[in-house]
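1. Pasting a predicted model and its sequence here:
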Amino acid sequence: MRSEEGKEMHKIEISNVSLTYDDDGTVYNALDRMNFSVEPGEFVSIIGSSGCGKSSTLSILAGLREPTEGQYLIDGHVSHGTGRNRGVVFQHYSLFPWMTAEENVAFGIRQAFPDTTEKEALDIARGYLEKVGLAGFEEKYPYQLSGGMQQRTAIARTLAMQPEILLLDEPFGAIDARNRILLQDLLLEVLSKEKEQKTIVFVTHDIDEAILLSDRILFMDQKHILEEFEVPFSRPRNRERIFQSQEYIQMRQALLSCFFRGIREKIGGEEVVL
Amino acid sequence: MTTAALRIKRGVPVSWSAAEVLKVMRTMQWFFPHVLFAVLLALVFTPGADDSTPKGAFLAVLAISEAALLLNRKSRPLNDVMTILYLLFIVWEIGTTKVDSVNLILYPSPAKVFAIFASDWQKILDGIRSSMYLLGVGFTAALTLGVLLGIVTGSVARLRDSLLPLAKVISPIPPIIYTPYAVAVLPTFEIASIFVIFSSIFWQIYIQVALSVSGIDQKLLDSAKTMNLSATAMFFHVLWPYCLPNIMKTLPLSVANAFMVLTAAEMIGATSGLGYFVRYYADFADYTRVIAGIFLIGIVVSSLNYGIAELERKVVRWH
């Protein structure tokens, strides 16, 4: 499938994937025969409580780990290792502390497009930083930026490298509530302005975030995908209107009960009173 | 009515509270080094046992110290340092020139020691040049190889597990121990001292870098990997800057170690250099020059460390 500009959009398939860690003889099972796919240009959130395997899933998608069993396919071809077609934003420490905000972004650009000169890269970097609302902070080092600003820079860097697949591992997980809202809106806005529609996998444990941002939500527990929800809202989305709608309340309820079921199973079938 | 007012009424203050004494002393402390400076000047110009030595160099040292103090009047540490320094000078001056029966050959006066810097400056500069050359070559080689091999060792688990234990056995052997052997085996004294300086720094840097690289935050590495960095970009833009602050922190210690080894080596086989200067005059029982040489080494090492600290401030700006 191709977008209007002619750049390829990618389909992701995870087929029967298991992942086991061998930690000095102790074998730990992180993923167990997981299956799901993401259509080209689709925004999919993976949601679940901590330790359910969402981050392991993302590290497989990023190419940081190879599945122990099963296959990871991009457009029907088995994928090994990291690749230029994928960009990742992590929760923490993704910026290089020894580079200023603009140097971080420009460095990414120079890696993705080696023909770019230093000066061109810096110019493009400043443009991206402006897009994420960081005009005036170009020459700050990461330690001089707040957590939210660091994540904005990380998003700018990843977008500037123009990957067709965007992987986000709880990018707003460590951000306070107010900045989180700002960043969610910013992400939607920046993505809507990108030339090509990207295939996106977004890992989070926040139900509202998942509903607001994605086309489809995969609920993950017990090391694989347990349930799947289509998000019925059209784009561009309006936060207030969505949060007041009946569909939102039902969907939130359904997702919450998924979480509660998981908790009930863990504590042995008792009814959870909240 | 306050106690102060009461006291004025009575005329002369009878008793001072501890707080008031402290307050006066707190004001006084800023004058203290200047008073000591005046005392020192007076002592230098008072006739004593060592009037034949030209006093220009010593007076110049005192003048520079006082000027530095006057230029940084707000600095409490400098104020305290100068107070201590002046006190030491006074003790030294009195002990050598104002007390009879002191052996001026074993205990030269400050004027005599500082006069050496004026009279022997040519030799001193030659010594610095020759020592700095050996130090520079050994240091550069050790730093380059240490960082290069350290980064490679730190990032390859198999090398790390095999080479680091070996390095940990070899590194604690003080290079001074094998200095005589190196001087005997290697073709020239120059190569021998460079080798010894090299080995005094190399292991330290190598182990430090290998450990830092192996302890690098996995998240940072993952981030770099997902950016598809080339091996050279990984080396120069990630691993090297990651180690740089630690390396800068190790450098002063390395300089001190290297200098120790260098001066020791020079005492064995050199024909110039700072260590040679001290050893040479010790053989002639010229302790004035020996002490001047020791001072000189202190000044050179401190300047190097100051330079490193400045470099660190310029190069490591990210925290």
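-> Yep, that arrived. Residues are numbered from 1 along each chain as shown, chains lettered A, B, ... in the order given.
2. who touches stretch A:128-137?
-> A:101-102, A:105, A:126, A:138, A:145, A:149, A:152-153, A:155-157, A:159-160, A:186, A:190, A:193 (C-beta atoms under 8 Å, 6 or more residues apart in numbering or on different chains). The C-beta positions use only the backbone N, C-alpha and C, and glycine is treated the same way.
3. make it 10 Å
-> Applying C-beta atoms under 10 Å, 6 or more residues apart in numbering or on different chains, the contact partners of stretch A:128-137 are A:100-102, A:104-106, A:108-109, A:126-127, A:138, A:140, A:144-146, A:148-161, A:182-183, A:186-187, A:189-190, A:193-194.
4. just checking, what packs against the helix or strand hosting residue B:167?
-> Taking DSSP states H and E as the criterion, residue B:167 maps to helix B:157-170. Helix B:157-170 sits against helix B:121-155, helix B:189-214, with contacts defined as 3 or more C-beta pairs under 10 Å, 6 or more residues apart in numbering or on different chains; DSSP states H and E.
5. State the next helix or strand along the chain beyond it.
-> helix B:175-185.
6. Which residues of the stretch 201-319 of chain B lie near chain A?
-> When proximity is defined by C-beta under 10 Å from any C-beta of the partner chain, the stretch 201-319 of chain B lies next to chain A at B:217-230, B:233, B:237-238, B:240-242, B:244-245, B:315-319.
7. Beta-bridge partners for the residue nearest the centre of chain A, please?
-> Note on chain A: the residue nearest the mean C-alpha position is residue A:168, at 1.9 Å, using C-alpha atoms, centre = their mean. Here residue A:168 shows beta-bridge partners residue A:89, residue A:202, assigned using DSSP bridges.
8. ok, which stretches of chain A are strands?
-> For chain A, applying DSSP state E gives strands covering A:12-23, A:26-38, A:43-47, A:69-74, A:77-78, A:86-89, A:165-169, A:199-204, A:216-221, A:224-230.
9. looking at these, which is closest to residue B:261?
-> Of all the strands of chain A, it is strand A:12-23 that lies closest to residue B:261, at 43.6 Å by C-beta to C-beta.
10. is the closest one anywhere near chain B?
-> No. Counting by C-beta under 10 Å from any C-beta, no contacts exist between strand A:12-23 and chain B, the nearest distance being 13.2 Å.
11. as a whole number, average confidence for that strand?
-> Strand A:12-23 shows a mean pLDDT of 90.
12. Counting by contacts, list what that strand packs against.
-> strand A:26-38, helix A:54-62, strand A:69-74, strand A:77-78, strand A:199-204, strand A:224-230.
13. The third one vs chain B: in contact?
-> No. Against chain B, strand A:69-74 shows no contacts by C-beta under 10 Å from any C-beta, the least distance being 14.7 Å.
14. Direction included, what does that strand pair up with?
-> Partners of strand A:69-74 in the sheet, by DSSP bridges, are strand A:12-23 (antiparallel), strand A:77-78 (antiparallel).
15. Would you format those strands as CSV with mean neighbour count and distance to residue A:85 included?
-> What follows is these, written out as CSV (neighbours: other C-beta atoms under 10 Å in any protein chain shown; distance: least, C-beta to C-beta, whole Å):
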stretch, mean neighbour count, distance to residue A:85
strand A:12-23, 16, 10
strand A:77-78, 11, 11
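16. Can you say which of the ones you listed is nearest to residue B:149?
-> Residue B:149 sits nearest to strand A:12-23 of all these, at 29.1 Å, using C-beta to C-beta.
17. and the nearest residue to residue B:96 once chain neighbours are set aside, what pLDDT?
-> For residue B:96, ignoring the flanking residues on the chain, the nearest one in space by C-beta to C-beta, 6 or more residues apart in numbering or on different chains is residue B:109 at 4.1 Å. Looking at residue B:109, its pLDDT is 91.
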